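S.K.: This is a predicted model, with the sequence first.
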Amino acid sequence: MAEHVAVVDLGYGDAGKGTVVDALCGRGPVRAVLRFNGGAQAAHNVVTDDGRHHTFSQFGSGTFRGVPTHLTRFMIVDPLALAAEAAALGNPFDLLTVDGDALLATPWHRAANRRRERSDRHGSCGMGVGETVAYALSSTEAPRVADVRSPARLRRRLAMVRDAYGFADLPLDDVVDAFTAFGKAVRIVPGSFTDRLLREGPCVFEGAQGVLLDEWRGWHPHTTWSTTTFDNVAELCPSFRRLGVVRTFTTRHGAGPFVTADPALDLPEAHNGHGEWQGAFRAGHFDAVAHRYAVEVCGGVDELAVTHLDAPGRAPGLRICTSYRDTDRIVPGPPRDLAYQATLTAALTRATPAELHRPDNWAEAIGALLRVPVTLESYGPRAADKRFVPAGVHRPERIPPVAYCPV
Amino acid sequence: MGSGRWSTDVYAAAEHYRAATGQSAFAYSDSGARRVHAALDPRDVFMRECRDSDEHPASTPIVVMFDVTGSMRHVPRVLQAELPQLLGRLTQQGRVTDPQIMFGAIGDATCDRVPLQVGQFESDNRMDEDLSRIVLEGGGGGGKRESYELAMYFLARHVVTDSMVQRQKKGFLFLIGDEMPYQQVKPDEVGAVIGDDLRQPIPTREILAELRRKFEVFFILPTAASHGGDRQVLRTWRDLLGQNVLELDDLADICETIARQVASSDDEPRRPQLSLTARRW
């Protein structure tokens, strides 16, 4: 792999970016995995061939393979969640660099997020990522990663966050203390570090969430405060291959329209469950209409990874939806037009699937429907369950048995 | 969409990070040491040398000595965390030739067990080892005075620099503290701490004059220390050092502040910078 690759989920998240990034890191030398959106709410499951499982959140999904992670300035860094994740991984801080300009999520942002979610269900994860972004838009003094090295500034900025939200139960000193400890453990680097990584070797950009949740392109307001398309990558890197990830079925965790949802489908989920802040995990038929929209708003996708190719065999009722009752295309609106996105949301809430069919060859059918060559097929959670398909759509000779790993 | 799987407990996080980063930066001090580390003991030292070498043909001596008494509160620990970046900052500026850095610490000879600690001039990360061996006295006497003059005496009489010997260029000394020096260098303290046989006291102003033949001397007062912004302290140091007295609001800027002074002193007539944030006093 000589080129940089950006991995983006073309659905509502949970398609398997982690496992795809892990597979890419296993294929050839990768200089680093770069995170370019979202924050600690990401949950990317990787299962090694020998059965080791980790839900990657802020560390990149190449960590098991010793590939360094760089958190770019687009990340919302949560030092508290990072501590726990690092401990679970054996503290591989030598593999981690963080851009000093990245925003810091604080316990007060999280508390505010949860308070808001209680009164108005929106579908967020309760990690305060959106709240952190909202706060940063309203204040030039939003705490950033580099502040943890300046105790006076850190304290001032954290106090401002605390005062802005009016939560007084958590002592400021303790948060300053924890954030300062974070600053001693991680390597904080300037923005130019990204360029250095990109010069030094092929990098993998690991997206979080999915394009259908994008802050500008998703079904407003059931979106994330994060750019989930390739837009941030394009700001960091002049040239890269766009790899879209989809499952053989569509899932959604959290509130919002989901046209092809079908509670009758029996598709147990190894690593996703009912989240306290997100609600139930919903599954449905492959929504080609919505995924085509995702490809379109991404400005095109160079290649496709199709995951969960083992699922159709287990779910005889699983189908592909190629059109809704009143349309077969969701028309993208002008950029950054939330009013337009809200009308899409209203239309999709009413929409119902028209055509459902069951293909013989799922990877081939999905590639053809999205008009993107499938270069990676995944039949299970481990790297060994992946097939790179350089020539496009090909079914592997032998499909390995289903091997879900208990969490 | 993903979910928050990892604990976000603030206390657990702090504990994790501390465990992950291992021992405290002041390992020697935090291990309970209350005596000066042999490597930093000024007693019976003939000379601390800052020499030119093939690798570093035009050495620039830079001494950073900070007050480690209780009034400095958390300042020494923050300095300890920030100062290892000093060499990088100096080289990055590109205007200082072959910087060699020596760290030291100042206490109170009237009552402390460790009134003076002096490392070696180093041009690599061995200087960090010196930093980690510094004992944080944490005591100090009352009366807003510490033994800065004892440190000045040592640096004036027990440091030799090729910079001065070969090229008649002064080195740089940065004293970081929040109190005043005693008014004279006392023979009994010199004898006990350094081992010199001094016949009579030397007024602080005189030892400073002697020191300034070798070093451009600065005093940095961090506002985060107990006597940060103290007018009497500032007046006293301004009286001694004129405009070379700096107030520092943000300790994270310590390396930047030192690097800037060194760089701006190097070629053009120096415009002393009073404060990073134009404070009035």
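M.R.: Noted; the coordinates are in hand. On a predicted model such as this, the values are computed, not experimentally measured, just so you know.
S.K.: And the host helix or strand of B:F174, how far out from the chain middle?
M.R.: Assigning secondary structure by DSSP states H and E places B:F174 in strand B:171-176. Strand B:171-176 sits 7 Å away from the centroid of its parent chain (Cα atoms, centre = their mean, to the nearest Å).
S.K.: Ok, stretch B:160-168 next?
M.R.: 21 Å.
S.K.: average pLDDT for it?
M.R.: Regarding stretch B:160-168, the rounded mean pLDDT is 91.
S.K.: Output that stretch in CSV, but only the C-alpha positions, please.
M.R.: The C-alpha trace of stretch B:160-168 is given here as CSV (Å, rounded to 0.1, in the frame of the first residue of the first chain):
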residue,chain,number,x,y,z
VAL,B,160,34.9,28.4,34.4
THR,B,161,33.6,28.8,30.9
ASP,B,162,35.5,28.6,27.6
SER,B,163,33.0,31.1,26.3
MET,B,164,34.6,33.8,28.5
VAL,B,165,38.1,32.4,28.5
GLN,B,166,38.4,31.9,24.7
ARG,B,167,36.0,34.4,23.3
GLN,B,168,35.2,37.0,26.0
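S.K.: ok, residues contacting stretch B:51-59?
M.R.: B:50, B:97-100, B:121, B:123, B:161-163, B:166-167 (Cβ atoms under 8 Å, 6 or more residues apart in numbering or on different chains). Yep, even glycine has a C-beta here, placed from its N, CA and C like the rest.
S.K.: ok, now with 10 Å
M.R.: Contacts to stretch B:51-59, defined as Cβ atoms under 10 Å, 6 or more residues apart in numbering or on different chains, come from residues B:49-50, B:61, B:96-100, B:121, B:123, B:160-163, B:165-167, B:169, B:171.
S.K.: Now the buried members of those.
M.R.: B:49-50, B:61, B:96-100, B:121, B:123, B:161-163, B:169, B:171 (16 or more other Cβ atoms under 10 Å in any protein chain shown).
S.K.: Need the max-distance pair from those.
M.R.: B:E49 and B:V96 (18.7 Å; Cβ to Cβ).
S.K.: among the helices and strands of chain A, which has the poorest mean pLDDT?
M.R.: Ranking every helix and strand in chain A by mean pLDDT, DSSP states H and E puts helix A:107-119 at the bottom, with a mean of 84.
S.K.: What ranges does the stretch 301-407 of chain A have for its strands?
M.R.: Assigned by DSSP state E, counting those that start in this stretch, the strands in the stretch 301-407 of chain A fall at A:303-307, A:320-324, A:353-357, A:374-378, A:386-388.
S.K.: mind giving me JSON lines with those strands and columns for distance to chain B and mean pLDDT?
M.R.: Compiled in JSON lines, the strands of the stretch 301-407 of chain A are given as follows (distance: least, Cβ to the nearest Cβ, whole Å; pLDDT from 0 to 100):
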{"stretch": "strand A:303-307", "distance to chain B": "15", "mean pLDDT": "95"}
{"stretch": "strand A:320-324", "distance to chain B": "21", "mean pLDDT": "95"}
{"stretch": "strand A:353-357", "distance to chain B": "22", "mean pLDDT": "92"}
{"stretch": "strand A:374-378", "distance to chain B": "18", "mean pLDDT": "94"}
{"stretch": "strand A:386-388", "distance to chain B": "21", "mean pLDDT": "91"}
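S.K.: Would you tell me which one of those strands is buried the most?
M.R.: Mean neighbours per residue, mean count of other Cβ atoms under 10 Å in any protein chain shown, is largest over these for strand A:303-307, with a mean of 26.
S.K.: That one packs against which elements?
M.R.: strand A:5-9, helix A:17-27, strand A:241-247, helix A:362-370, strand A:374-378, strand A:386-388 (3 or more Cβ pairs under 10 Å, 6 or more residues apart in numbering or on different chains; DSSP states H and E).
S.K.: what's the pLDDT at the residue nearest to B:D162 when sequence neighbours are not counted?
M.R.: The shortest distance from B:D162 to any non-neighbouring residue, by Cβ to Cβ, 6 or more residues apart in numbering or on different chains, is to B:D52 (4.3 Å). Note for B:D52: predicted pLDDT of 91.
S.K.: give me phi/psi at the nearest residue to A:T250 once chain neighbours are set aside?
M.R.: Excluding the flanking residues, the one nearest A:T250 by Cβ to Cβ, 6+ apart is A:D287, at 4.5 Å. The phi/psi pair for A:D287 (degrees, to the nearest 10) reads phi -100, psi 90.
S.K.: For A:D287, which residues are in contact?
M.R.: A:D287 touches A:11-12, A:212, A:246, A:249-250, A:252, A:258-261, A:293-294, A:320-322, A:324, A:330, A:353, counting by Cβ under 10 Å, 6+ apart.
S.K.: Low-confidence ranges, the stretch 101-250 of chain B, go.
M.R.: Within the stretch 101-250 of chain B, the ranges that satisfy pLDDT under 70 run B:125, B:139-142.
S.K.: Which parts of it are helices?
M.R.: B:126-133, B:148-157, B:162-167, B:187-189, B:204-211, B:231-241 (DSSP state H, counting those that start in this stretch).
S.K.: any chance of the ones you listed in TSV, with distance to B:D250 too?
M.R.: Below are those laid out as TSV (distance: least, Cβ to Cβ, whole Å):
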stretch	distance to B:D250
helix B:126-133	20
helix B:148-157	23
helix B:162-167	30
helix B:187-189	34
helix B:204-211	28
helix B:231-241	18
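S.K.: which of the ones you listed is buried the deepest?
M.R.: It is helix B:148-157: most buried of the helices of the stretch 101-250 of chain B by mean count of other Cβ under 10 Å, with a mean of 25.
S.K.: Centre of the chain to that helix, how far?
M.R.: The answer for helix B:148-157 is 12 Å, by Cα atoms, centre = their mean.
S.K.: and if you look at stretch B:250-268?
M.R.: 14 Å.
S.K.: Is there any residue in that stretch that contacts chain A?
M.R.: Yes: with Cβ under 10 Å from any Cβ of the partner chain as the threshold, stretch B:250-268 lies in contact with chain A, specifically through B:250-253.
S.K.: now those residues as a markdown table including secondary structure and neighbour count?
M.R.: Converted to a markdown table, the residues of stretch B:250-268 next to chain A look like this (DSSP: H, G, I helix; E, B strand; the rest coil; neighbours: other Cβ atoms under 10 Å in any protein chain shown):
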| residue | secondary structure | neighbour count |
| --- | --- | --- |
| B:D250 | coil | 21 |
| B:L251 | helix | 26 |
| B:A252 | helix | 22 |
| B:D253 | helix | 18 |
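S.K.: Need the residues you listed in TSV (columns: distance to B:A192).
M.R.: What follows is the residues of stretch B:250-268 next to chain A, written out as TSV (distance: Cβ to Cβ, whole Å):
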residue	distance to B:A192
B:D250	37
B:L251	32
B:A252	37
B:D253	36
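S.K.: so which pair among those is furthest apart in space?
M.R.: Between all members of those, the farthest pair (by Cβ to Cβ) comes out as B:L251 and B:D253, at 7.1 Å.
S.K.: Now do the shared contacts for the two.
M.R.: A:150, A:152, B:82, B:222.
S.K.: Got the confidence number for the first one?
M.R.: With respect to pLDDT, A:S150 has a value of 88.
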